[in-house]
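Peer 1: Predicted model and sequence follow; I will ask about them next.
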Amino acid sequence: AAMHIQEKLECCGIDTTDHRLAAEKFAKLMDENPSIINRLAALEHRRWMIEKILKGFIQVPTLDLIYSGSDITTHDSSNKWHVCLVPCNETSQITLSDWKSPAKNHPELELKNASTEVYEILDMTGFTSMMPVSRAYRRVSVEGCEVIGQGANGKVYRIDPDTVVKVYLNPDSLADIEHERDVARKALVLGIPTAISYDVVKVDDHYASMFELLNAKSFSKLLAETPENIDEYAKMYIDLLKLIHSTEVPAGQLPDQREIAIGWTEFLKDHLPKEVYEKLHKMMLEIPHDDHMIHGDYHTKNIMLQNDEVILIDMDTLAIGHPVLEMGSMYNAYIGFNMLDKNNVLSFLGFPYEVAEAFWQKSLALYYGTDDKEVLKDKENKAKVVGLIRLLRRTIRRNGSPELIEIYRNELCKLAEQVDTLI
């Protein structure tokens with residue numbers, strides 16, 4: 001028990017290597033909350049149980065074994081059983097299930113700010129499913145760091161040549177982080193090149209995911225530094241997009257973007273002329289269900305080039321759906337967000353509007369395999385409908401610029417006269 005004093009102090013919120021200061025803080029804590037000693041005793045018992053379980057011990061199979069010799073015994077090291085593998089307040093007859101649920105008699109017990117080593121042991125042995133356990137997260141600073149990626153839910157910073165960190169905008173984002181790690185793993189298994197987070201840290205009051213990306217540059221940075229290579233970058237960009245869109249996802253593994261887009265449209269019922277809304281809604285409903293993967297936020301800050309391999313990042317928007325739903329978000333990144341101010345793209349993606357427009361047009365031509373201007377204009381209009389539905393809803397919900405709302409509304413009214421289907 002004495003070997004783990006530092007961890008026990010950390011569980012009490014005392015994080016210091018100064019033994020005198022730690023003793024003073026603990027004494028004060030004991031004065032204020034004497035019952036803490038019982039909680040620490042329970043914690044020590046559970047630590048001891050974990051140690052025994054990791055060594056292969058089980059609870060005594062039958063009480064008769066305690067009396068098998070001339071003396072009463074509590075354990076048998078050769079046969080690996082121990083009578084004390086039970087909840088720490090157990091006094092009645094011992095059952096085999098007791099040691100499997102050691103927290104059941106202490107529903108109020110919660111372990112906070114466990115060190116990484118302690119948390120990993122608790123998680124590995126299943127104790128995190130028996131009682132609330134929260135980790136103590138390492139703190140990282142992004143002050144002065146380059147923003148290499150940006151999405152709807154966070155920003156990605158390079159903190160050193162080998163490491164990037166994605167900081168989530170929502171301060172309560174642990175569920176979002178777990179979701180992104182989960183879908184990234186699924187994408188990797190399905191053959192999509194992506195980075196998997198290896199640690200969760202805190203940046204100020206926000207949670208963040210750590211990734212290893214050696215010698216990687218975003219396509220935004222590449223286009224900003226060498227725009228003369230735009231054709232090469234557009235081809236790599238679309239090659240990855242086609243791989244994503246050709247990947248069929250097992251049922252139920254990812255959200256359905258079609259359902260989400262129908263919700264965007266229905267939000268606008270009272271914000272558009274009746275006939276315009278009904279036509280847009282009808283076209284959205286006619287988009288067929290599609291089990292193929294889409295990224296949902298596919299722009300040049302979310303695509304990295306690492307040692308000649310194109311890698312997808314910012315996976316929290318991963319979904320299934322028809323390609324037109326992807327094209328709508330791509331249109332927004334390069335064109336839609338910049339309708340009122342063409343300088344927006346420079347601050348968002350890092351290159352001027354002229355480059356963004358050219359990259360979008362080249363991407364359309366490569367994706368659909370044609371240079372026919374009429375065909376490409378039709379494809380762009382379909383993407384524009386999806387993109388502007390999303391932007392109009394977003395701007396209204398955020399109480400955005402009335403001028404911008406009017407621009408999006410007018411554009412959608414025009415498109416409703418030109419477009420009869422989104423597929």
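Peer 2: All right, it came through fine. Residues are numbered from 1 along each chain as shown.

Peer 1: Helices of the stretch 151-300 of the chain, start to end?
Peer 2: Under the criterion DSSP state H, counting those that start in this stretch, the stretch 151-300 of the chain contains helices at 174-189, 219-225, 230-245, 257-267, 274-285.

Peer 1: which helices and strands sit right next to the second one?
Peer 2: In this case it means helix 219-225. Here helix 219-225 touches helix 230-245, strand 303-306, going by 3 or more Cβ pairs under 8 Å, 6 or more residues apart in numbering; DSSP states H and E. Quick note: C-beta positions are derived from backbone N, CA and C, even for glycine.

Peer 1: looking at the ones you listed, which is buried most?
Peer 2: strand 303-306 (a mean of 21; mean count of other Cβ atoms under 10 Å).

Peer 1: Give the next helix or strand downstream of it.
Peer 2: Using DSSP states H and E, the helix or strand that directly follows strand 303-306 along the chain is strand 309-312.

Peer 1: got a list of what residue 339 touches?
Peer 2: For residue 339, the contacting residues are 404, 407-408, 411, by Cβ atoms under 8 Å, 6 or more residues apart in numbering.

Peer 1: now swap in residue 266 and tell me
Peer 2: Contacts of residue 266 (Cβ under 8 Å, 6+ apart): residue 281.

Peer 1: What of residue 289?
Peer 2: 256, 258.

Peer 1: and what of residue 279?
Peer 2: In this structure, residue 279 makes contact with residue 416, judged by Cβ under 8 Å, 6+ apart.

Peer 1: so where do the strands sit in the stretch 251-400 of the chain?
Peer 2: Using DSSP state E, counting those that start in this stretch, the strands of the stretch 251-400 of the chain run over 293-294, 303-306, 309-312, 319-320.

Peer 1: Just give the number of residues close to the closest residue to residue 231 other than its chain neighbours.
Peer 2: The shortest distance from residue 231 to any non-neighbouring residue, by Cβ to Cβ, 6 or more residues apart in numbering, is to residue 362 (6.7 Å). By other Cβ atoms under 10 Å, 17 other residues sit near residue 362.

Peer 1: In CSV: the contacts of residue 339, plus distance to residue 55, pLDDT and neighbour count.
Peer 2: Below are the contacts of residue 339 laid out as CSV (distance: Cβ to Cβ, whole Å; pLDDT from 0 to 100; neighbours: other Cβ atoms under 10 Å):
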residue, distance to residue 55, pLDDT, neighbour count
404, 65, 94, 17
407, 69, 96, 18
408, 65, 96, 25
411, 68, 96, 18
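
Peer 1: I'd guessed residue 199 sits against residue 140; true?
Peer 2: No. At 9.4 Å, residue 199 does not count as touching residue 140 under the criterion of Cβ atoms under 8 Å.

Peer 1: which residues are contacting the longest helix belonging to the chain?
Peer 2: For the chain, the helix with the greatest residue count under DSSP state H is helix 373-397. Identification of contacts with helix 373-397 by Cβ under 8 Å, 6+ apart yields 261, 264-265, 267-268, 271, 280, 283-284, 324-325, 327-332, 335-337, 361, 364-365, 368, 370, 400-401, 404-405, 408-409, 411-412, 415, 418-419, 421-423.

Peer 1: make it 7 Å
Peer 2: Contacts to helix 373-397, defined as Cβ atoms under 7 Å, 6 or more residues apart in numbering, come from residues 261, 264-265, 267-268, 271, 280, 324-325, 327-332, 336, 364-365, 368, 370, 404-405, 408-409, 411-412, 415, 418-419, 422.

Peer 1: residue ranges with poor pLDDT in the stretch 301-423 of the chain?
Peer 2: Residue ranges of the stretch 301-423 of the chain with pLDDT under 70: none are present.

Peer 1: which residues touch residue 243?
Peer 2: residue 192.

Peer 1: What of residue 180?
Peer 2: Listed by Cβ under 7 Å, 6+ apart, the contact set of residue 180 reads 315-316.

Peer 1: how far away is residue 265 from residue 276?
Peer 2: In this view, residue 265 and residue 276 are 11 Å apart by Cβ to Cβ, to the nearest Å.

Peer 1: Could you check the angle the longest helix of the chain makes with helix 274-285?
Peer 2: For helix 373-397 against helix 274-285, the angle by axes from the mean of the first three to the mean of the last three Cα atoms, to 10 degrees is 110 degrees.

Peer 1: Distance-wise, check residue 405 relative to residue 335.
Peer 2: Distance, residue 405 to residue 335, by Cβ to Cβ: 17 Å.

Peer 1: May I see the buried residues of stretch 74-81?
Peer 2: Buried residues in stretch 74-81, counted by 16 or more other Cβ atoms under 10 Å: 75-76, 81.

Peer 1: How about residue 40: what's its closest non-neighbour residue?
Peer 2: residue 8 (5.8 Å).

Peer 1: repeat for residue 49
Peer 2: residue 85 (5.8 Å).

Peer 1: And what about the one you found, helix, strand or coil?
Peer 2: Three-state call for residue 85 (DSSP: H, G, I helix; E, B strand; the rest coil): coil.

Peer 1: Might you report the residue contacts of it?
Peer 2: Contacts for residue 85 (Cβ under 7 Å, 6+ apart) come out as 49, 52, 57-59, 99.

Peer 1: So between residue 199 and residue 140, which is more surrounded?
Peer 2: Per other Cβ under 10 Å, whichever of residue 199 and residue 140 has more neighbours is residue 140, with 18 against 15.
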